[in-house]
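Novice: Need a 3D model of the following:
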Amino acid sequence: MQDLISLFVRSIFIDNMVFAFFLGMCSFLAVSKNVKTATGLGIAVVFVLGVTLPINYLLNKYILSPGSLSWLGEEYSGIDLSFLSFIIFIAVIASIVQIVEMVVEKYSPSLYSSLGIFLPLIAVNCAILGGSLFMQERAYGTLAEATVFGLGSGFGWFLAIVALAAIREKLSYSNVPTPLKGLGITFIITGLMGIAFMSFMGIQL
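Specialist: As a prediction, this is how the structure comes out:
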């Protein structure tokens, strides 16, 4: 249990998808203009990561990894389908994102309208695919570890985008120099937030 808590905290603060690996920056910068929209997208990312990571873990363990098909019989133990990882992972992510898009459109049309093109683009959000590839690279031993890593990574991305959105809302009342308005000051703030998150690297988990 302690290991899972450590993994969860590390995924949020130390291995943050945005500030440690710069993944998912497109939607992070584009949808962080107000807190409400950022919160909606952040929750969607948490859900997609929390669902796709366990599914992709099972697919990787029992189908894609070298020798993982041995459960079908000894004659299948030499098959290696790892070259299909990218396309399988993306297919799973796209399917879950489609479900999320339909649910949001049905129950929150205003949020669906606010998110616009960026909701379906979660399917190509590199933070989502990055989570599955990190899971595969780090070879997590259990389904629980993969699930906790997915949820932690999602919460880390959620925290980052909501924090940036709150700062950008406050900036609308500030006297920002004209050349820096918009993405200019946003890039500067993102860099400063990244430096701030680097302080968590000293935590021993």
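Novice: Quick check: next helix or strand after the helix or strand of the chain with the lowest mean pLDDT?
Specialist: Each helix and strand of the chain was given a mean pLDDT (mean pLDDT, DSSP states H and E); the minimum falls on helix 109-115 at a mean of 79. Sequence order places helix 126-138 as the next helix or strand after helix 109-115, per DSSP states H and E.
Novice: wait, isn't Leu180 in contact with Ile189?
Specialist: No - using Cβ atoms under 8 Å as the test, Leu180 is too far from Ile189 to be in contact (10.3 Å). To be clear about C-beta, it is placed using only N, CA and C from the backbone, and glycine gets the same treatment.
Novice: With neighbour numbers in mind, choose between the two.
Specialist: Comparing Leu180 with Ile189 by other Cβ atoms under 10 Å, the one with more neighbours is Ile189, at 16 against 13.
Novice: and the gap between that one and Ser199?
Specialist: From Ile189 across to Ser199, the span is 16 Å (Cβ to Cβ, to the nearest Å).
Novice: Could you list the low-confidence segments of the protein?
Specialist: 203-205 (pLDDT under 70).
Novice: so how many other residues sit close to the closest residue to Gly152 other than its chain neighbours?
Specialist: Nearest non-adjacent residue to Gly152, counting by Cβ to Cβ, 6 or more residues apart in numbering: Ser11, 2.8 Å away. If you count neighbours by other Cβ under 10 Å, Ser11 ends up with 25.
Novice: How about the one 4 residues further on?
Specialist: Asp15 has 20 neighbouring residues, counting by other Cβ under 10 Å.
Novice: pretty sure it is touching Leu23, no?
Specialist: No - judged on Cβ under 8 Å, Asp15 makes no contact with Leu23 at a distance of 10.5 Å.
Novice: quick check: angle from the biggest helix by length in the chain to helix 126-138?
Specialist: When the chain is parsed with DSSP state H, its longest helix is helix 143-171. Here the directions of helix 143-171 and helix 126-138 differ by 150 degrees (axes from the mean of the first three to the mean of the last three Cα atoms, to 10 degrees).
Novice: Counting by contacts, list what the helix or strand following helix 143-171 packs against.
Specialist: Following helix 143-171 in sequence order, the next helix or strand is helix 183-198 (DSSP H and E). Using 3 or more Cβ pairs under 8 Å, 6 or more residues apart in numbering; DSSP states H and E as the contact criterion, the elements in contact with helix 183-198 are helix 25-30, helix 143-171.
Novice: Show me the one of those that comes nearest Phe118.
Specialist: Closest to Phe118 of the helices and strands packed on helix 183-198, according to Cβ to Cβ: helix 25-30, at 4.8 Å.
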